[in-house]
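Visitor: Okay, here's the prediction I keep looking at, along with the sequence it came from:
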Amino acid sequence: SFYCGGSSYTPFGHVWAENASLQGQADGEWHDFTSAGDAYNYSATSYLYTPMRRLNLTGIGHFDVTDETRLVSEFTYSKRWSTQQMAPQPVWFDFTYDAETMGDSLLSHGVADGEDISYGRRMTDVGPRGYEQVVDTVRAVIGLDGAFDNGWGWDTSVVFGRNDSVDRATNLLNMGSIQDAIEEGDFNPLDQADWSGSNLAQYNYTENNSGGSQLLVLSAGLNGEVMELPAGYVGFAAGIERREEKAWYVPDSLTSQGLANDPRVEPTGGRFDVNEAYVEFAVPLLADAPFAQMVDLSAAVRAFDYSTFGSDETWKLGLTWRVNDELMLRAVRSTAFRAPTVSELYQGKSPSFEQVNFPGAQDQAEVTVGGNDQLTPELADTVTAGFVYAPEWLDGFSMTVDYYEIEIENSISSVNNQYIVENCLDASTGAYKNQDTALCQSSAINFNQSTGRISFNNQLQNIGNESTKGYDVNFKYAFEAAGLNWRTGLDVTILDEYIVDSGTSTIDYTGLVTSGIGSYAKVKSNFTLNASGDNWDAQYQARMIDGLDSYACLADDSECLVPSVGTVVYHDISGSYILNDTVSFSAGVNNLFDKQAPYYSGNNDSNTDPYSALI
C-alpha cells in the first residue's frame, strides 16, 4: 500500500499535553503517539463514488397562434437522491486534567494534575458518518416568436428556475452537551467505557440542513438584415434582458450555534438583479475576390446594470477570412465581465478539512470556506486566432488549430491551501511569518504546535490576476470502408502557461496538480473512432492526460512518497442499436481495462486528483 500518513484524531483518543503526546488504548492505558503506528486511515471507510438516483421529466410544446406567431413552452423537473459515507467524526476539545475524578492514568506519562490538555478522538465508537441529499429542480419557459412582414424575426420569453435541497448528516455527536457533562463530572473523557456506543446514544443526533436558489429571466430580441453591401447583407441581432437571482441556506440549529464540534456554520441568503441590452452585427466585407472567397466582420456590444456592482459594458470584434474552399482564417478580440454569483457572495462560512504538508503538523488543516459579500466582478481580455484547413485532395478530412490568450483581473477563487501554509508559517520553526501581507492577514492562520493543528480562513476572494495561453487542435476524418461509415477525431489541448499573480508572488501552475484548486496538465487529448451501419453504431475512445507534479511536494520532494505521476491513458467503448423510430438501446464501458488512478502525495481525495479525471 502507498498509504503513508493519516489523521492524529484516532480511535481510543489522543491527548496533547505540554510535555506529552499520548495515544489511548482499548484497556484504558496510554502510550507515546507515533504517526507511523497510530495515525488513523480515514480513507478506508469513505466512499470514492457517490451513489445516486435521478428522476427527470421533460415536456416541450408549441402552438401556432397565427401564421407568423408561435407560442413555445418547455418544462423540466428533476429529482436527485444521493448518499455519501465518510470516516467516523473527529472530535476535539480542551479540558483541565483532574486526576481525582478522571483517574491517574496520565500521571506516569508526565501529565500533571490540574494541567490543561487537548483531546482528540475518532468516533469509531458510533461508526462512519452518513450524508444524504434530496434535490428538486424545476425549470419552466414560455415565449412567443415570430416574423414581421420585412423578414425581421422577433422573440420574447420568460424563464423561471428553482432549486430546493434538503441534506442530512447522521452519526454526529452533540459535543456541546458532552463538554457540559465533562464540566459537571458526568462524563469522563479518559474512561473508555464512557465512549461506548450505548453511553453515547444520548448525545447522537442527525443534522438537517436546507437551501436553494431561484432564477427569473425576462428577455426580448430582434434579428434580421438591415442593408445590402457589395459583398452581401449586413445582419444584426439586438435584445434586452432582466435577470433576478437569489439563494439561501439554513443550517441545522445545533450547527449554526457551533454545538456540533465543528466551528459554527452560518445561515446565508442574498439576491441581486441585472438589466442588460446588447446589439450584434455581421458585416460582409469581401466576397468572391482573389484570395478572399469571403471576408466577414462581426461586432457586438453588451451593456448591463447590476444592483450590486453598478454599470459596465463588454465588446467583441471578430474577423473571418475564407481564402478558398480549403482554407479559412479567423480571429476574435473580446472583453468579458463576470459578476459574483449569489452563492459566491452570500454562502455562509463553514469548516472544511484540507490536505497540507508542513513539518510537525497534522496532514489535514481546518479551513474556513464560504462566500464573501466584498467580492468584486472579474474582468477579462481574450484573444483567439486560428485556421481551419479542409484539403480537397483528402475528402472528409479537416484540421483546426486555435491559439488562445486570456487575462483575468480580480479573479474570484480561493487560494491554494498549501500556498497559504508555506507563506504564513516558517517551516524550520513553525513561527508565523509575513503577517503584514494581505494574504496572511486575511487567512488569520493559527498553528498549535502542541497538537499540530493548523487552522486558517480561505473564503472566496479576488485573489489577483490570472493569465493563460495555449492551443486547441482538432483533426477529423470521415470515410467509408467495408460497407460501413467511419469517423475519427483527435482533440488536443496544449497548455502553454497558467499564471496566478496575487500581487506579492507569481505562480505558474502549468504541469502541476493541487489539493483544492485543480490540476493543469500541459497536454490533454481525446481520440475517438466510430463505426456505424444502417441501424447501429460503435465507438472507441482513448483519453490521455499528461504527467503532473504535486504542488505540495515542490518545496521538498524528499518528504513525498510520490511527488509526480506519469502520463495516463483511459480507454472507453460504447455502442447503440436502433430498434425503430422510437426505441433504441445503448450501452458502454468506461475505463475498459480498469486502469487504476495514479497515486500522488499531497491530496486527501484518496491521494488522487478528481479535477483532471485521474480517478
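Guide: Nice, thanks for sending it over.

Visitor: Which strands or helices does the longest strand along the chain pack on?
Guide: Criterion DSSP state E: the longest strand present in the chain is strand 204-229. Helices and strands touching strand 204-229, by 3 or more Cβ pairs under 8 Å, 6 or more residues apart in numbering; DSSP states H and E, are strand 153-173, strand 232-250, helix 253-256, strand 268-289. C-betas here are computed from N, CA, C, even on glycine.

Visitor: Hey, what's the angle from the helix or strand following the last one to strand 268-289? Just curious.
Guide: Looking back up the chat, that one is strand 268-289. Using DSSP states H and E, the helix or strand that follows strand 268-289 in sequence is strand 292-306. Orientation check (axes from the mean of the first three to the mean of the last three Cα atoms, to 10 degrees): strand 292-306 against strand 268-289 gives 160 degrees.

Visitor: Starting from strand 292-306, tell me the next helix or strand along the chain.
Guide: strand 310-322.

Visitor: which stretches of the stretch 151-300 of the chain have low pLDDT?
Guide: 260-263 (pLDDT under 70).

Visitor: What number of residues are in the vicinity of residue 367?
Guide: For residue 367, the neighbour count with other Cβ atoms under 10 Å is 22.

Visitor: and if you look at residue 538?
Guide: Residues near residue 538, counting by other Cβ under 10 Å: 16.

Visitor: mind checking the SS state of it?
Guide: Secondary structure, DSSP: H, G, I helix; E, B strand; the rest coil: residue 538 is strand.

Visitor: Pretty sure it sits against residue 528.
Guide: No - the pair residue 538 / residue 528 is not scored as a contact, 11.2 Å apart, by Cβ atoms under 8 Å.

Visitor: May I see the buried residues of the helix or strand of the chain with the lowest mean pLDDT?
Guide: Across the helices and strands of the chain, mean confidence by mean pLDDT, DSSP states H and E is lowest for strand 350-355: a mean of 80. The neighbour-count check on strand 350-355 (16 or more other Cβ atoms under 10 Å) flags 350, 351, 352, 353, 354, 355 as buried.

Visitor: So what angle separates the directions of it and strand 232-250?
Guide: Using the same axes, to 10 degrees: strand 350-355 against strand 232-250 is 100 degrees.

Visitor: May I have the next helix or strand after strand 350-355 exported as CSV, CA atoms only?
Guide: Per DSSP H and E, strand 350-355 leads on to strand 364-369 as the next helix or strand towards the C-terminus. Provided in CSV are the C-alpha atoms of strand 364-369 (Å, rounded to 0.1, in the frame of the first residue of the first chain):
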residue,chain,number,x,y,z
GLN,A,364,-5.4,18.0,7.5
ALA,A,365,-5.9,21.7,8.2
GLU,A,366,-9.2,23.1,9.5
VAL,A,367,-10.1,25.6,6.7
THR,A,368,-13.0,28.0,6.9
VAL,A,369,-14.6,28.3,3.5
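
Visitor: quick one: strands adjacent to the following helix or strand past strand 364-369?
Guide: Downstream of strand 364-369, the next assigned helix or strand under DSSP H and E is strand 378-389. Applying DSSP bridges, strand 378-389 is found paired with strand 327-338 (antiparallel), strand 397-413 (antiparallel).

Visitor: possible to save these as a markdown table with mean pLDDT, mean neighbour count and distance to residue 142?
Guide: Listed next are the strands paired with strand 378-389 as a markdown table, based on pLDDT from 0 to 100; neighbours: other Cβ atoms under 10 Å; distance: least, Cβ to Cβ, whole Å:
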| stretch | mean pLDDT | mean neighbour count | distance to residue 142 |
| --- | --- | --- | --- |
| strand 327-338 | 96 | 16 | 28 |
| strand 397-413 | 95 | 17 | 33 |
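
Visitor: how about those strands in CSV, adding distance to residue 139?
Guide: What follows is the strands paired with strand 378-389, written out as CSV (distance: least, Cβ to Cβ, whole Å):
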stretch, distance to residue 139
strand 327-338, 22
strand 397-413, 25
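
Visitor: of these, which approaches residue 502 most closely?
Guide: Closest to residue 502 of the strands paired with strand 378-389 is strand 397-413 (Cβ to Cβ; 9.6 Å).

Visitor: Which of the strands paired with strand 378-389 sits closest to residue 170?
Guide: Comparing the strands paired with strand 378-389 by Cβ to Cβ, strand 397-413 comes nearest, at 32.4 Å.

Visitor: Now the element after that closest one, going C-ward?
Guide: Following strand 397-413 toward the C-terminus (DSSP H and E): helix 417-424.

Visitor: mean confidence for that following helix?
Guide: When pLDDT is averaged along helix 417-424, the result is 90.

Visitor: helices or strands next to it in the packing?
Guide: Looks like helix 417-424 contacts strand 364-369, helix 438-443, strand 453-457 (3+ Cβ pairs under 8 Å, 6+ apart).

Visitor: Can you tell me which of these is nearest to residue 478?
Guide: The nearest among the helices and strands packed on helix 417-424, by Cβ to Cβ, is strand 364-369 at 47.4 Å.

Visitor: Tell me which residues are up against that closest one.
Guide: When contacts are defined by Cβ atoms under 8 Å, 6 or more residues apart in numbering, strand 364-369 is touched by residues 7, 263, 349-356, 414, 417, 421, 453-460, 604.

Visitor: Buried ones from the residues you listed, can you make that a ChimeraX selection?
Guide: Buried members of the contacts of strand 364-369 can be picked out in ChimeraX with the line below, counting by 16+ other Cβ under 10 Å:
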select :7,349,350,351,352,353,354,355,356,414,417,421,453,454,455,456,457,458,459,460,604
